[in-house]
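In: Just to be clear, the model below is a prediction. Sequence and coordinates:
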Amino acid sequence: MKQTRLPHLAISPRWLLVVIWLLLASGPLGAETPAPRITQIQAARQFLLAVLRGEFDAAHRMLAPEVGSALTPARFRAVAQPLYEQGRRFGPAIDLYKLGFRLRDGQAPQSFVAFMFKADTLTARPRVQLDVTFRDSTARQVLSFGLIPLAAPVR
């Protein structure tokens with residue numbers, strides 16, 4: 001039986017390390033790069049913009065499972081209606097106002113993101129705060145939402 005001999009390949013160790021690194025960095029073949037995870041600020045903004053545009057079904061899908069199952073789509077629409085009406089009054093453009101944690105006695109801290117209407121940016125203080133609450137700092141599904149009227153400054 002005749003043996004076929006492969007020509008001698010001279011590969012430098014440095015080149016071999018580069019090839020191995022590229023193969024390891026590329027991950028498994030056919031694997032998709034996961035979509036970047038959105039921040040809570042982005043999740044809150046998407047939720048509020050959906051409500052302000054009247055896309056109640058899309059906004060309802062962004063609720064935490066226990067909240068979405070407790071609020072039927074019709075009930076959700078009724079609860080979100082005041083926010084939608086404020087959007088019709090001040091316009092659908094919003095800006096980040098503040099974010100933080102709510103600390104309540106005997107409960108775990110809840111993170112929140114608050115926005116204001118861009119129409120309020122030139123006023124001394126916003127008329128209303130658009131509030132979105134999450135279960136904790138890692139959650140991306142809305143636990144609660146609402147409008148918080150801001151009091152006039154004391155003189």
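Out: On my side now, so go ahead. Residues are numbered from 1 along each chain as shown.
In: What does the spatially most central residue of the chain show for phi and psi?
Out: Centroid check for the chain by CA atoms, centre = their mean gives Ala43 as the closest residue, at 2.0 Å. Backbone torsions for Ala43, taken as degrees, to the nearest 10, come to phi -60, psi -40.
In: got a pLDDT number for the residue nearest to it when sequence neighbours are not counted?
Out: Distances taken as CB to CB, 6 or more residues apart in numbering put Arg140 closest to Ala43, at 4.5 Å, once the chain neighbours are dropped. From N, CA and C alone the C-beta is placed, and that goes for glycine too. Looking at Arg140, its pLDDT stands at 95.
In: show me what contacts the residue nearest to the centre of the chain?
Out: Taking CB atoms under 8 Å, 6 or more residues apart in numbering, we find Ala43 in contact with Met62, Val132, Phe134, Arg140, Gln141, Val142.
In: In this structure the fifth one contacts Met62, no?
Out: Okay, so that is Gln141. Yes: at 6.4 Å, Gln141 counts as touching Met62 under the criterion of CB atoms under 8 Å.
In: Pick out whichever of these two has more residues nearby.
Out: Neighbours per residue (other CB atoms under 10 Å) separate Gln141 from Met62, with Met62 holding more: 20 against 16.
In: contacting residues for that one?
Out: Met62 sits in contact with Ala43, Gln46, Phe47, Ala50, Gln141, Val142, where contact means CB under 8 Å, 6+ apart.
In: Strands - which of the contacts of Ala43 land there?
Out: Among the contacts of Ala43, the members falling in strands (DSSP state E) are Val132, Phe134, Val142.
In: count of neighbours near Lys98?
Out: Quick note: Lys98 (other CB under 10 Å) scores 11 neighbours.
In: outside of the regular element (helix or strand) spanning it, which residues touch it?
Out: Element membership for Lys98 (DSSP states H and E) is strand 94-102. With CB under 8 Å, 6+ apart as the test, strand 94-102 has contacts from 40-41, 45, 48-49, 52, 109-118, 121, 126, 129-130, 133, 137.
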